[in-house]
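> Give the three-dimensional model of this entry:
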Amino acid sequence: MAATGTPQTITLAKGLNQGLRAAMEADRKVLVMGEDVGRLGGVFRITDGLQKDFGEQRVFDTPLGESGIIGTAVGLAVRGYRPVCEIQFDGFVFPGFDQIVSQLAKLHYRSQGKLRMPVVVRIPHGGGIGAVEHHSESPESYFAHTPGLKVVACSSPVDAFWMIQQAIACDDPVIFFEPKRRYWEKAPLDLATPPLPLFQSRVLRAGTTATVVAYGPMVRTVLDAATVAEQDGHALEVIDLRTLSPLDLAPVFDSVRRTGRLVCVSEAPSEVSLTSEVAARVSQECFYSLEAPVLRVTGFDTPYPPAKCEEDYLPDLDRVLDAVDRVLAY
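Numbering: from 1, shown residues only. Got it, this is the predicted structure:
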């Protein structure tokens, strides 16, 4: 896509599609593979039109076997390609988990740096779409805990467009989480505005009352909570982590030293999670600046519930605002 002076409005799904297209145009070694990514264009149509324009040799359907998808991508990477694997839904990644943590994450180290693994594994994650079991999970902590993997989570159409290209250009394996319930949200994309580096968090809204940190699908919820809190005279500083491994917490530390309060928000269960890590490191680095304990708003420590119960499971505006009230009450 050529830079123009007029921003175009795109959805998050379209941002991913256009980002993939730009990466494939820039490098013939970029391949797209997965279940139904070809003629169908993926279940969410993220790869729509790519097979038609780039051919079946570069955009191809695979058997229904995630272990085989990741294993094939490892072999392609060894041969100098840059595969982009689509996992249809978050809960489907586990048959490929062994290949990811035992092979993909370790080959660079195992080969003493002789082999690079420029593989991107795209995973739509999170709930909120009324789906059945295995279609609404948040498995990011498993991968963030694995040395050798980079893990990122986009939350907006603009980030989706740029981050997928940056992930494909990275020589390390990148687990790329996409907030499926946000696929249809829109924002203007200005190609003349340079993107933020891939492994860097972003302050989305400045504030002085308390810091609220989120990533992926919860970023929109937190921004909405900040708008409501403003009516009560609270100026919440909102930070989108964007990168889950490595974590970029310098902006969080700086914010907490000014506000003295932190709320971490995520759809994932709270036990041994990314919100746990953020809370621990902020408590360690900003202990004398904290005016209250770090609070977390998360999914519950249960398997994801049936669709009719998911609104009770997922963190929402009220739960975030309740946490803000509690952290300000200290």
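
> Could you pull out the buried residues of stretch 134-152?
Neighbour-count burial for stretch 134-152 flags 135-144, 146, 148-152 (criterion: 16 or more other CB atoms under 10 Å). All C-beta spots, glycine's among them, are computed from the backbone N, C-alpha and C.

> how distant is that stretch from the center of its chain?
The chain centroid and the centroid of stretch 134-152 are separated by 9 Å, computed with CA atoms, centre = their mean, to the nearest Å.

> Now do the same for residue 263: helix, strand or coil?
strand (DSSP: H, G, I helix; E, B strand; the rest coil).

> Let me know whether it touches residue 293 as I believe.
No. With contact defined as CB atoms under 8 Å, residue 263 does not reach residue 293; the gap is 10.4 Å.

> Now the common contact residues for the two.
Common neighbours of residue 263 and residue 293, counting by CB atoms under 8 Å, 6 or more residues apart in numbering, are residue 327.

> okay, these two: which has more neighbours?
Higher neighbour count among residue 263 and residue 293: residue 263, with 27 against 13, using other CB atoms under 10 Å.

> beta partners for that one?
In this entry, residue 263 is beta-bridged to residue 212, residue 295, by DSSP bridges.

> wait, what's in contact with it?
Contacts of residue 263 (CB under 8 Å, 6+ apart): 210, 211, 212, 213, 294, 295, 296, 297, 320, 323, 324, 327.

> Distance check, the last one against residue 204.
Which is residue 327. For residue 327, the distance to residue 204 equals 19 Å [CB to CB, to the nearest Å].

> Between the two, which is the more surrounded one?
residue 327 (23 against 17).

> Quick one: residues in contact with the lowest-mean-pLDDT helix or strand in the chain.
Every helix and strand in the chain was compared by mean pLDDT, DSSP states H and E; the lowest is helix 310-313, with a mean of 94. Contact partners of helix 310-313, identified using CB under 8 Å, 6+ apart, comprise 127, 128, 130, 136, 299, 300, 302, 304, 305.

> show me the contacts for the fifth one.
Each residue near residue 299 by CB under 8 Å, 6+ apart is listed here: 138, 266, 267, 268, 269, 270, 313, 314, 315.

> change it to 6 Å
By CB atoms under 6 Å, 6 or more residues apart in numbering, the residues touching residue 299 are 267, 268, 269, 313.

> would residue 267 count as being in a strand?
Yes. Counting by three-state DSSP, residue 267 is part of a strand.

> pretty sure it is in contact with residue 126, am I right?
Yes. Between residue 267 and residue 126 there is a contact under CB atoms under 6 Å: 5.0 Å.

> Now the common contact residues for those two.
Jointly contacting residue 267 and residue 126 under the rule CB under 6 Å, 6+ apart are residue 138.

> What lies in contact with stretch 212-223?
Stretch 212-223 has contacts (CB under 6 Å, 6+ apart) with 126, 153, 155, 177, 179, 181-182, 236, 238-241, 252, 263-267.

> And for stretch 28-47?
Under the contact criterion CB under 6 Å, 6+ apart, stretch 28-47 has outside partners 13, 16-17, 23-24, 48, 50-51, 58-62, 64, 81-86, 88, 168, 183.
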